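Q: Attaching a predicted model along with its sequence, questions to come.
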Amino acid sequence: MIEFFQAFLGQPVRHYDYTWVRSVGRGHGTPPHEDIVYMGRGTWNLWTAWTPMGDVSWDLGGLMVMPGTHRHERLRQGYARRDVDAYCVSKPGEGWNHPGSEGWLSKDPVGVRRGLKAPWVSAEFRAGDVVIFNTCLVHAGLDNHTNRIRLSTDSRYQPASEPVDERWIGANPTAHGAAGKRALIC
């Protein structure tokens, strides 16, 4: 993957030390979102590699993406500028990060499609597949209609020369823990 991203970005790359392992049982998938709201304190030249651990049928649910939304100006100037670990100290319960706010663009994939006037695209996946996309691309996880667990990983890559989000690097990344929170005056 490092060799691929070095060729893709045309320069040395950095891999986030934190790799997300997804274990999705029967039920609803992940609502529409952009990864940048979870890791946007560094460069926006940041890429996700979604890798299924084994075959993923339609029933098991996989990843769906909305092509072109990484260039959608309204999203880039609004939603994508949010930081799920920022919170208002001057107005508790207001602002972006308040109880019940997980960072989703919406919990309604059909409404997102209508609002952005863009299609959802997906496929069945096989062991060895990988989906690579910019962290500003709207995507979601499909529902798992089986009694099996869908396993996948998300890893992130960026140019080594660009700023990195400190929550996801080091021997023990803080991730979304207390050390990653950022207080704001709203």
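A: Noted; the coordinates are in hand.

Q: Direction included, what does the helix or strand of the chain with the lowest mean pLDDT pair against?
A: For the chain, the helix or strand with the lowest mean confidence is strand 86-88, at a mean of 79 (criterion: mean pLDDT, DSSP states H and E). Strand 86-88 has the following sheet partners, assigned by DSSP bridges: strand 182-184 (parallel).

Q: all helices for the chain, in order.
A: 2-9, 36-39, 73-77, 109-116 (DSSP state H).

Q: Of all those, which one comes closest to residue 132?
A: Shortest distance between residue 132 and those, using C-beta to C-beta, is found for helix 2-9: 7.9 Å. Quick note: C-beta positions are derived from backbone N, CA and C, even for glycine.

Q: Identify the residues contacting that closest one?
A: With contact meaning C-beta atoms under 8 Å, 6 or more residues apart in numbering, helix 2-9 is reached by 12, 13, 15, 45, 47, 132, 157, 158, 159.

Q: Could I get the average pLDDT for that helix?
A: The pLDDT scores in helix 2-9 average 98.

Q: again, but for stretch 63-75
A: Here stretch 63-75 scores 96 as its mean pLDDT.

Q: Ends of it, what's the gap?
A: 20 Å (C-alpha to C-alpha, to the nearest Å).

Q: just how off-centre is it within its chain?
A: How far stretch 63-75 lies from its chain's middle: 12 Å, per C-alpha atoms, centre = their mean, to the nearest Å.

Q: Show me what counts as buried in that stretch.
A: Judged by neighbour count using 16 or more other C-beta atoms under 10 Å, the buried positions of stretch 63-75 are 63, 64, 65, 66, 69, 70, 72, 75.
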